[in-house]
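Trainee: what's the 3D shape of this:
(chains A and B)
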Amino acid sequence: MFLDIKNLSVSVEGNQILHNFNLQINIGEVHAIMGPNGSGKSTLANVLAGKEDYEIHSGQIIFKNQNLFDLNIEERAKQGLFLAFQYPVEIPGVNITPFLHSSINSKLKSNNKDEIDNIEFAKLLRLKAKDLGIDKDMLKRSVNTGFSGGEKKRYEILQMSVLDPELAILDETDSGLDIDALKIVTEGVNKLKNQNNSFLIITHYQKLLDYISPNFVHVMMNGSIIKSGDKSVAADIEKNGFKIFQ
Amino acid sequence: MYIDKEYLENYKNLLFSDFEEVREERDNVLKKFVPIYFDKKNNESIKNVDNNKLANLNYNYKKPADVDSAIKNSNNSYTIKLFNGKCDNYKDENLEIKNIDSNDSKFFFNNKLANTSDFLIDLNSLFLNCGVKIIVNKNKNIDIKILNIVLEDGLTIFQKNLIICEEGSKVNLVEEYNNQNSSIHNIYNVFEVKKKSVLNQFVIQNNSKNHELYLSSYASCMKSSEYDQKVYNFSNGYVRNYHYSELVEENSTVSHIGFFFINSDNISDNKTYVRHLAANCQSNQIYKGVLTDKSKANYFSNTYVDKIAQKTEGYQLSKGILLSKDSTYFSKPELRIFADDVKCSHGSTIGPVDENAIFYLRSRGISKNTAIKMIISSFINDDLENISNEQIKSIVTKNLNEFLDNIV
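Mentor: So this is what the prediction gives:
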C-alpha cells in the first residue's frame, strides 16, 4: 500500500476533528474527498503534511512503507509528499525562484541525486510556468505576496509541477478559481499525473472532478469517511447536497 | 551627579574652550542637567540609556599622536579615517575636509536642533572635543567612506561632524563603526543638504560588547533635495541611533531607514524625527529589527507637519521579529499634523516568526533552520536588492549571515 491511514484520531485545541479515520491509496490512483465545511478535510491534509498544531490520539499513517509520524515536515516533503495549500501564506521578501531552487535541491540531495544548477533550474521553472500560463515576471516576486487568489493557486500547482511529488494533496485548490483558471490548473495536474504518483484531491464541488477524473470519491463527515464509491458519488452530492448522508 | 564636576574640571581640554560665547552656551546646556533630566519617565531620549553611567562618566579624551587619514582613491572616491574624531585636512576641486580646530567656533553653533530635548546631543555639546567639516562642492558627484576609529579603551569621544552638500551635488556616503574597545563614542552628524543635492548615506555598525555608540544626526533639506539614510546595526554592544531631519524647503524628500539584528542582552535604541516645514515634501521612516535572547529595542518615529506643509506625504513603519520570549521591542509612532491636505500613515508589526510561513517553507523540503533564516533575511532582502553599491551589499550580507549563523 502506498498510503495507508488506519484508525486515525486527531484533535486540535481540545476539539477532536478526525475520528478513527481510514483511507488507503495505491500508487497511480486519484482519490477525491468531498465533505461539508468543518468535516475535517483540511485537518487531514495538514496532518499528512506534518503540521505540528495537532494532537494525534491514535492510529497510524504508513507512507511508502514508513511510519509518517517518524518524519518531520521537511522529511515528508523530501519523501515525495506535497500539499497544495487551501490558503497559501504570503512571505514577503522570500523570492520565489531561489526558494523553489532550494526546495528542489534539498529533495534531490536527500535522494542522493545531483543538485540542479541555477541556469538549468531557471530553464525548468520558466518552462513549467509557461505551461501554467504564469508570466515569467511573476517568478521574480516574493512567495504568494500580492498574488490574487487565482495566482496563488496556480503558483501552488507550479511548485507541485517543479517538485514532481509522489503523493500530491490538493486542499480545495479549486476554491477562488474562475473557470479559465480552473482549466489551466487541472491541465497542470493532468500533465503530472502518471502511474508512479497518486493524488488526494479535497474539494466541495463536482466541477473540479469534471476535469480531473478520480478513481475513488469519498464522502467525509464529522471526521470520518462515511461513503466511498466512484465518480457517481460526486454527481449525487452535486444533485442532492451533503444532507443525503446525514 | 558628576557631569558638572567633570565638565568644570575638564573645561580647558574641550573644543572652543577659549571662546566666551561658546562658554555661555555650554553653561546654558549644563543647566539642563538637573535631576529631572535624568528621569526616564519624562525623557524619552534616555529610555534605554544607562544614565547613571553617563552621569558618572570619567572624561578622557586623547588626541591621536599622528594622523594620516584622508585618501583620494580615484577621481571621485575618498576614504577618510577619523581617529578619535580627528583627521588630516584635505582639499581638491571636489571637496574640502577640514579638521575642526579652536579657531572655528561658529562650528559649535551649526544647526542647533529646534524644539527637541535630547540628553545625548546636549551631552555632546557640553563635552565636544573633536570633529570634522566636509564640504562637497557644487554639482560634484562623489563617493565618501568614513571609518570612525576609536584608538583605545576608556575614551570618551564627543564628536560633531558637519557635512555640507552644496547645490546640485550628489554624495554617496558610507560610515563604518567597527570598534572593539570599551569606550564611549558620542557622535553628532549635521548634514546640510542644499538645493537639488542628493545625499545617500549608509551607516554600518558592528561594534563589540563593551563599546557604546551614541549616534545622532540632524539633516536640513533644502529645495528639491533628497536625503536617504540607511542604518544597519549588527553590533554586539549598546547602540543608540537618533536621527532628526527637517524638510525646510519645497519638493524635498527624506528617508530614515534602519535595520538592527541583536542578541544576548544588547540594546538597540532608535528614534527618527522628521519635521515637514514646507509643502510638497515626502518622508519615510522605517525601522526593522530581529531580536533574540534577552535583547531589547525601541523605536520612536515622529512626523511633524507644519500648517504650511500642504501636500505632505509621510510614512512610518516598524517591524520586528522576536526569536525568544525574553526579547522585547517597544515601538511608538507619533504624528502631529497641522496641515489639512496631507497623506500620513504609520504601521507596526512585532511578533515571533510566523509559524504558518515556517510550515509552508518546510512543507517544500526546506529545513526549519533554513526556513527561519529565509524569513529573517526576507526582512532585509528587498532593501539589499536595491543597493547598487556592491561593497555595501557584500558587507551587509556578510554581517547578516554571521548573525544568522549564531542564532539559528
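
Trainee: Quick check, the residue in chain A closest to chain B?
Mentor: Residue nearest to chain B within chain A (Cβ to the nearest Cβ): A:Gly93, separated by 2.7 Å. Where C-beta positions appear, they are placed from N, C-alpha and C, glycine not excepted.

Trainee: Run through the residues of chain A sitting next to chain B.
Mentor: Proximity of chain A to chain B, by Cβ under 8 Å from any Cβ of the partner chain, involves residues A:49-52, A:72-74, A:76-78, A:82-83, A:85, A:88-89, A:91-95, A:99-100, A:102-104, A:106-107, A:110, A:142-143, A:159, A:163.

Trainee: Residue numbers of the stretch 301-408 of chain B in contact with chain A?
Mentor: Neighbours of chain A within the stretch 301-408 of chain B, by Cβ under 8 Å from any Cβ: B:354, B:356-357, B:359-368, B:370, B:374-375, B:377-382.

Trainee: And the buried ones among the residues you listed, selectable in ChimeraX?
Mentor: Command for ChimeraX that selects the buried part of those, burial taken from 16 or more other Cβ atoms under 10 Å in any protein chain shown:
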select /B:356,357,359,360,361,362,363,364,365,366,367,370,374,375,377,378,379,380,381
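
Trainee: Restricted to strands, list the residues of the stretch 301-408 of chain B next to chain A.
Mentor: With strands defined by DSSP state E, no entry of those lies inside them.

Trainee: What about the residues of chain A next to chain B, which are in strands?
Mentor: Using DSSP E, A:82-83, A:91-95, A:142-143 are the members of the residues of chain A next to chain B that sit in strands.

Trainee: So whichever residue of chain B sits closest to chain A versus B:Ile358, what's the distance?
Mentor: Taking Cβ to the nearest Cβ, chain A has its nearest neighbour within chain B at B:Ser378, 2.7 Å off. Distance of B:Ser378 to B:Ile358, given as Cβ to Cβ, to the nearest Å: 12 Å.

Trainee: And the pLDDT for the closest residue to B:Asp18 other than its chain neighbours?
Mentor: Counting by Cβ to Cβ, 6 or more residues apart in numbering or on different chains, B:Ser102 is the residue found nearest to B:Asp18 once chain neighbours are left out, at 6.1 Å. We have a pLDDT of 79 for B:Ser102.

Trainee: Could you confirm B:Ser102 falls within a helix?
Mentor: No - looking at B:Ser102 with DSSP: H, G, I helix; E, B strand; the rest coil, it is coil, so not inside a helix.

Trainee: wait, what's in contact with it?
Mentor: Counting by Cβ atoms under 8 Å, 6 or more residues apart in numbering or on different chains, B:Ser102 touches B:15-19.

Trainee: Dihedrals phi and psi, it?
Mentor: Dihedral pair for B:Ser102: phi -70, psi -10, per degrees, to the nearest 10.

Trainee: Check the secondary structure at B:Lys195 for me.
Mentor: Under three-state DSSP, the three-state class of B:Lys195 is coil.

Trainee: and it, how many neighbours?
Mentor: 17 (other Cβ atoms under 10 Å in any protein chain shown).

Trainee: go on, B:Ser327?
Mentor: 23.

Trainee: Repeat that for the one 3 residues further on.
Mentor: By the measure other Cβ under 10 Å, the count of residues near B:Phe330 is 14.

Trainee: For the host helix or strand of it, could you pull out the residues that count as buried?
Mentor: Per DSSP states H and E: B:Phe330 is located in strand B:328-337. If you call a residue buried by 16+ other Cβ under 10 Å, then strand B:328-337 has these buried ones: B:329, B:331, B:333, B:337.

Trainee: just stretch A:193-207 next, same as before
Mentor: Of all the residues in stretch A:193-207, those buried under the rule 16+ other Cβ under 10 Å are A:193, A:197-204, A:206.

Trainee: Show me the residues you listed that map onto strands.
Mentor: Within these, residues falling in strands by DSSP E are A:198-203.

Trainee: for chain B, what spans make up the helices?
Mentor: Remark: helices assigned in chain B by DSSP state H are B:3-10, B:20-32, B:51-55, B:106-109, B:119-127, B:355-362, B:368-385, B:390-407.

Trainee: how about a markdown table for the contacts of B:Ser102, with pLDDT and neighbour count added?
Mentor: As requested, these are exported to a markdown table (pLDDT from 0 to 100; neighbours: other Cβ atoms under 10 Å in any protein chain shown):
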| residue | pLDDT | neighbour count |
| --- | --- | --- |
| B:Leu15 | 93 | 24 |
| B:Phe16 | 93 | 23 |
| B:Ser17 | 92 | 15 |
| B:Asp18 | 90 | 11 |
| B:Phe19 | 92 | 16 |
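
Trainee: quick one, phi psi at A:Gly38?
Mentor: Note on A:Gly38: its backbone torsions stand at phi 80, psi 10 [degrees, to the nearest 10].

Trainee: let me redo that: B:Ser224
Mentor: phi 50, psi 30.

Trainee: Just give me the residue closest to the centre of chain A.
Mentor: With distances taken as Cα atoms, centre = their mean, A:Ile169 lies nearest the centre of chain A, 2.1 Å away.

Trainee: thinking B:Phe359 is in contact with A:Arg76, fair?
Mentor: No - with contact defined as Cβ atoms under 8 Å, B:Phe359 does not reach A:Arg76; the gap is 11.6 Å.

Trainee: hey, what's in contact with both of those two?
Mentor: Counting by Cβ under 8 Å, 6+ apart, the shared contacts of B:Phe359 and A:Arg76 are A:Ala49.

Trainee: And for stretch B:77-88, what's in contact with it?
Mentor: Stretch B:77-88 has contacts (Cβ under 8 Å, 6+ apart) with B:61-64, B:67-73, B:90, B:94-95, B:97, B:99, B:129-132, B:134, B:142-151, B:155, B:157, B:159, B:187.

Trainee: How far off centre is it?
Mentor: 18 Å (Cα atoms, centre = their mean, to the nearest Å).

Trainee: can you tell me the distance between the two ends of it?
Mentor: With Cα to Cα, to the nearest Å as the measure, stretch B:77-88 spans 16 Å from end to end.

Trainee: same question, stretch B:318-338
Mentor: Using Cα to Cα, the span of stretch B:318-338 from its first residue to its last is 23 Å.

Trainee: Tabulate the CA atom coordinates of stretch A:208-215 in CSV.
Mentor: Only the C-alpha atoms of stretch A:208-215 are listed here, as CSV (Å, rounded to 0.1, in the frame of the first residue of the first chain):
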residue,chain,number,x,y,z
LEU,A,208,-13.0,20.1,-10.3
LEU,A,209,-13.7,16.4,-10.8
ASP,A,210,-15.1,17.1,-14.3
TYR,A,211,-11.5,17.9,-15.3
ILE,A,212,-9.5,15.5,-13.1
SER,A,213,-11.1,12.1,-13.2
PRO,A,214,-10.8,10.4,-9.8
ASN,A,215,-10.7,6.6,-9.3
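
Trainee: Give the full set of residues in contact with the nearest residue to A:Gln246 once chain neighbours are set aside.
Mentor: The shortest distance from A:Gln246 to any non-neighbouring residue, by Cβ to Cβ, 6+ apart, is to A:Met221 (7.2 Å). Shown in contact with A:Met221 (Cβ under 8 Å, 6+ apart): A:35-36, A:39, A:242, A:245-246.

Trainee: Tell me, please, where in chain A the pLDDT is lower than the cut-off.
Mentor: For chain A, applying pLDDT under 70 flags no range at all.

Trainee: Do a quick rundown of the strands in it.
Mentor: Taking DSSP E, the strands of chain A run over residues A:3-12, A:15-25, A:30-34, A:55-63, A:66-67, A:81-84, A:91-95, A:142-143, A:167-171, A:198-203, A:216-221, A:224-229.

Trainee: Can you tell me the strand partners of the fourth one and which way each runs?
Mentor: Sheet neighbours of strand A:55-63, with direction, are listed as strand A:3-12 (antiparallel), strand A:66-67 (antiparallel) (DSSP bridges).
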